[in-house]
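Chemist: here is the input, now give the coordinates:
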Amino acid sequence: MDGIHFKPNYVMLHRSGELRQRGEALWGMLKDCKLCPRECGVDRLAGETGFCKATSKLKVASFHAHFGEERSLVGSGGSGTIFLSHCNLGCVFCQNWDISHHGSGTDCEITDLAGMMIQLQEEGCNNINIVTPTHFSPHVILALDIAASQGLRIHLVYNTSGWEQGEILKMLDGVVDIYLADFKYMDAQHAASYSNDAADYPEVTCSALLEMNRQVGIALPEKNGIIYRGLMIRHLVMPNNVSSSMAAMEWIADHLPAETFVNIMIQYRPAYRAHLYPEIDCYVSRDFYEEVVTVARKLGLTNLDVDI
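Modeler: Below is the predicted model:
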């Protein structure tokens, strides 16, 4: 695939009218919201809020060319990152707690979001990177449709916690070019303790990763070093093996291709309410991190992004 001539699939869906139809179908789900695994069932169209505290009004925290993402997303122009406010998972250690938990941001129209996408493309960004999109997926798809009509042609990155409804993911098939998905836990009790009772995180996320891989396949860089399509998994190694890192690597090796992109991250730092949990109120040792990487390699995973 030549990045210069690359056309994302959503362009064809826009031209056929299907992209808007999918956005409208997702929008209809706001009336009895089950966009995420919490399935709150609130009427967001009437201003009701569930766990994520979002109504049908879009809220954006910031947007800019971001150079702190994976090298294969950043390139020379940066990743066109749009941070959406609120979150459906609510981790107690979140580093962006002001955005995710407190909902810091500015109310926007869908046309405003489309304009942000166009502006990021004009600034030379390699992609549109929507951060925490799950609860605002209808807005993202409708904005993408508008932006496509205005000439948007760079690919879409769906930057997610990984905790996604299979039904919703199927509606994103052919829309998303890159799934940038967290794989936080393999232990239900830890997921419940640190992500607000999301005990089904391991089961739901494993299923979601399989669906994402089915849709977009393996993420490999082109000759210019940029990834244009595929599943990119992020695994944050946490203190005291809270993230069950070895088990996560084993699951990936057993259920996904050996070439699956896996970023094994050592960036954890205690943030937000982590101080209330002594087992995660500390940093990860370099020795343990390197042990996780060694295990991943021994399991046959060949497309690793590591800090070694």
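Chemist: report the mean per-residue pLDDT for the longest helix along the chain.
Modeler: Criterion DSSP state H: the longest helix present in the chain is helix 201-216. For helix 201-216, mean pLDDT rounds to 98.
Chemist: which helices and strands does that helix pack with?
Modeler: With contacts taken as 3 or more Cβ pairs under 8 Å, 6 or more residues apart in numbering; DSSP states H and E, helix 201-216 sits against helix 166-171, strand 178-182, helix 188-194, strand 230-236, helix 245-255. In this view, the C-beta of every residue, glycine as well, is placed from N, C-alpha and C.
Chemist: repeat the analysis, applying 10 Å as the threshold.
Modeler: Here helix 201-216 touches strand 155-160, helix 166-171, strand 178-182, helix 188-194, strand 230-236, helix 245-255, going by 3 or more Cβ pairs under 10 Å, 6 or more residues apart in numbering; DSSP states H and E.
Chemist: contact partners of the last one?
Modeler: Taking Cβ atoms under 10 Å, 6 or more residues apart in numbering as the criterion, the residues outside helix 245-255 that touch it are 183-187, 202, 205-206, 209-210, 213, 233, 235-238, 241, 244, 258, 260, 262, 264, 284, 288-289, 291-301, 304.
Chemist: are any of those residues buried, and which?
Modeler: 183-187, 202, 205-206, 209, 213, 233, 235-238, 241, 244, 260, 262, 264, 284, 289, 292-293, 295-296, 301 (16 or more other Cβ atoms under 10 Å).
Chemist: how much space between Thr81 and His66?
Modeler: Distance of Thr81 to His66, given as Cβ to Cβ, to the nearest Å: 4 Å.
Chemist: next, show the common contact partners of those two.
Modeler: Listed as contacting both Thr81 and His66 by Cβ under 10 Å, 6+ apart are Leu73, Val74, Leu120, Cys125, Asn129, Val131.
Chemist: mind putting these into JSON lines with secondary structure and neighbour count?
Modeler: Shown next, in JSON lines, are the shared contacts of Thr81 and His66 (DSSP: H, G, I helix; E, B strand; the rest coil; neighbours: other Cβ atoms under 10 Å):
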{"residue": "Leu73", "secondary structure": "helix", "neighbour count": "28"}
{"residue": "Val74", "secondary structure": "helix", "neighbour count": "21"}
{"residue": "Leu120", "secondary structure": "helix", "neighbour count": "27"}
{"residue": "Cys125", "secondary structure": "coil", "neighbour count": "24"}
{"residue": "Asn129", "secondary structure": "strand", "neighbour count": "28"}
{"residue": "Val131", "secondary structure": "strand", "neighbour count": "23"}
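Chemist: out of those, which one sits closest to Glu18?
Modeler: For the shared contacts of Thr81 and His66, the minimum distance to Glu18 (Cβ to Cβ) is 23.1 Å, reached by Asn129.
Chemist: residue contacts, that closest one?
Modeler: 63, 65-66, 69, 73-74, 78-83, 120, 154-159, 178, 180.
Chemist: for it, give the beta-bridge partners.
Modeler: Note on Asn129: beta-bridge partners by DSSP bridges are Thr81, Val157.
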